[in-house]
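# Below is the structure, and that's it, no one-letter string:
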């Protein structure tokens, strides 16, 4: 029987108090130009033997967790640890699940900056990680994508992104203590969702160019004021709209990614056109 709780879900806070890289559970409001879900992203999913059950999901949900809980839930959602459910008869049954997961912490992001050696080996490592991301989403492989997330190496509190059916997530969260909650959308009060295509973009960007990405602390609309709106016309971000602005003496491309606003350096790498 599922364990119930009266605690409230984590809420997406108003735009005057948001910063995804802080220690508090805060998120940006959904952007009006966020792209739709990738309808073909669930094709080619095949079950893995002996590591739980895979699901052909389209959308991602997320939680903000302490470091200890972050590692614990990665093990559960990736199929390495079982979830204990109490049945109506009072007995306890164990069940394994296998979902796509990805984590982000400000501490891990800073570590990538500090340990970046700008060597051929570092370039090769980033290129290989980017290739894994593309292959994982192209084939729907949960196992391949989850190789990028090692709970033993994670530092600090942060975000856990999970691609799974909502009813399965709620069932798992209800059975585990202390009770954790999915982040909810500020406007709809329902579980906030990141479409599959947007999550692929974010993971690809973070794995291939972690030193060129910055998560902004305000909604995209705040940056678009009096700025030239542009549209990316090629590469992994084709179709994304945003603006160009100067940040830290560098020209950045600023655009929406799910509930987040992202700034990317080295704008010349992305072909774009002006949007009237």
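Sure thing, it's come through. Values in this document were obtained by computation on a predicted structure and should not be read as measured data.
# Sketch out the low-pLDDT regions of the stretch 51-200 of the chain for me.
51-58, 116, 118 (pLDDT under 70).
# how about 50 then?
The model of the stretch 51-200 of the chain has pLDDT under 50 over residues 51-57.
# ranges for the helices of it?
Using DSSP state H, counting those that start in this stretch, the helices found in the stretch 51-200 of the chain span residues 67-77, 106-114, 120-139, 142-146, 166-175, 196-208.
# Please identify the buried residues of the second one?
Translated: helix 106-114. By 16 or more other Cβ atoms under 10 Å, the buried positions in helix 106-114 come out as 106, 108, 109. Every residue, glycine included, has its C-beta placed from N, CA and C.
# The closest residue to the second one other than its chain neighbours: how many residues sit nearby?
Nearest residue to residue 108, sequence neighbours excluded (Cβ to Cβ, 6 or more residues apart in numbering): residue 155, at 5.7 Å. Burial of residue 155, expressed as a neighbour count using other Cβ atoms under 10 Å, amounts to 14.
# Repeat that for residue 65.
By other Cβ under 10 Å, the residues close to residue 65 number 20.
# got the contact list for the nearest residue to residue 94 once chain neighbours are set aside?
The shortest distance from residue 94 to any non-neighbouring residue, by Cβ to Cβ, 6+ apart, is to residue 82 (3.9 Å). Residues near residue 82 by Cβ atoms under 8 Å, 6 or more residues apart in numbering: 76, 94, 95, 96.
# what number of residues lie near the first one?
Residue 76 is flanked by 21 other residues according to other Cβ under 10 Å.
# Verify the stated contact: it with residue 83.
Yes: here residue 76 lies in contact with residue 83, judged by Cβ atoms under 8 Å, at a distance of 6.0 Å.
# which neighbours do the two share?
Listed as contacting both residue 76 and residue 83 by Cβ under 8 Å, 6+ apart are 97, 172, 176.
# Pretty sure residue 229 sits against residue 272.
No: the pair residue 229 / residue 272 is not scored as a contact, 10.2 Å apart, by Cβ under 8 Å.
# I'd say residue 215 and residue 256 touch.
No: applying Cβ under 8 Å, one finds residue 215 not in contact with residue 256, separated by 11.7 Å.
# Between those two, which is the more surrounded one?
residue 256 (26 against 18).
# From what I see, that one and residue 222 are in contact.
No: using Cβ under 8 Å, residue 256 is not in contact with residue 222; the gap is 11.4 Å.
# Next, find the distance separating the residue nearest in space to the middle of the chain from residue 99.
Geometric centre of the chain, nearest residue: residue 161, 4.5 Å, by Cα atoms, centre = their mean. Using Cβ to Cβ, to the nearest Å, residue 161 is found at 10 Å from residue 99.
# returning to that earlier point: shared neighbours, residue 215 and residue 256?
The contact sets of residue 215 and residue 256 overlap at residue 262 (Cβ under 8 Å, 6+ apart).
# about what we covered before: got TSV for the buried residues of helix 106-114, with distance to residue 119 too?
Converted to TSV, the buried residues of helix 106-114 look like this (distance: Cβ to Cβ, whole Å):
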residue	distance to residue 119
106	25
108	20
109	20
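# Residue 145: which of the residues you listed is nearest?
The shortest approach to residue 145 among the buried residues of helix 106-114 belongs to residue 108, at 16.8 Å (Cβ to Cβ).
# got the contact list for the residue nearest to residue 266 when sequence neighbours are not counted?
Nearest residue to residue 266, sequence neighbours excluded (Cβ to Cβ, 6+ apart): residue 212, at 5.8 Å. The contact partners of residue 212, taken as Cβ under 8 Å, 6+ apart, are 264, 265, 266.
# at 10 Å instead, please
Neighbouring residues of residue 212 by Cβ atoms under 10 Å, 6 or more residues apart in numbering: 205, 206, 250, 252, 263, 264, 265, 266, 269.
# what pLDDT does the fourth one get?
Think residue 252. Looking at residue 252, its pLDDT is 83.
# likewise the second one?
pLDDT recorded at residue 206 is 87.
# Strands of this protein, residue ranges please.
Counting by DSSP state E, the chain has strands at residues 59-65, 83-86, 92-95, 100-105, 158-163, 194-195, 213-215, 229-232, 241-247, 250-257, 260-264, 272-274.
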